[in-house]
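Student: My questions concern the predicted model and sequence given below.
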Amino acid sequence: QVQLVESGGGLVHTGGSLRLSCTASGRTFSNYAMGWFLQAPGKEREFVASINWSGTSTYYADSAQGRFTISRDNARNTVWLQMDTLKPEDTAVYYCAAYASVVPSMSTPVAYWGQGTQVTVSS
């Protein structure tokens, strides 16, 4: 089992920044590609960004490209999502995810989910 705990969410004005953190415990962190997803009220959970086991490859949804940055430190069992130039449509619960592989893809299942952290962007 892998336990994922997110932090760093909150309320921010349009154009502001937030840095989400996700700390893992349980199994070897570097055995997993990691990702961030969001779920807005009344909508399905959707992909935001992912990173391979070593941190050398990253992937972004179109909406996140150029504004968000995913990174990880395997020595600290932590993955981050730096979110800049936030918009009201970024408002959602953000979930950390550990993929069932060292390389993430659209077809790679998520093995573990965090509990989520709320991000609210006011206009």
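Tutor: Arrived safely, thanks for sending.
Student: helix, strand or coil for the spatially most central residue of the chain?
Tutor: Centroid-nearest residue in the chain, with CA atoms, centre = their mean: W36, separated by 2.2 Å. Following DSSP: H, G, I helix; E, B strand; the rest coil, we place W36 in the strand state.
Student: Which pLDDT does the model give it?
Tutor: Confidence at W36, expressed as pLDDT, is 98.
Student: Same check on T108?
Tutor: 89.
Student: Provide a list of residues in contact with the residue nearest to the centre of the chain.
Tutor: 20, 22, 48-50, 70, 79, 81, 94-97 (CB atoms under 8 Å, 6 or more residues apart in numbering). In this view, the C-beta of every residue, glycine as well, is placed from N, C-alpha and C.
Student: what about the one helix or strand V5 maps to, average pLDDT?
Tutor: Using DSSP states H and E, V5 falls within strand 3-7. Averaged over strand 3-7, pLDDT sits at 96.
Student: Could you give me the buried positions within the helix or strand just after it?
Tutor: Remark: after strand 3-7, the chain's next helix or strand is strand 10-13, criterion DSSP H and E. For strand 10-13, the neighbour count (16 or more other CB atoms under 10 Å) marks V12 as buried.
Student: on contacts alone, who are the packing partners of strand 10-13?
Tutor: Contact partners of strand 10-13 among helices and strands, from 3 or more CB pairs under 8 Å, 6 or more residues apart in numbering; DSSP states H and E: strand 117-122.
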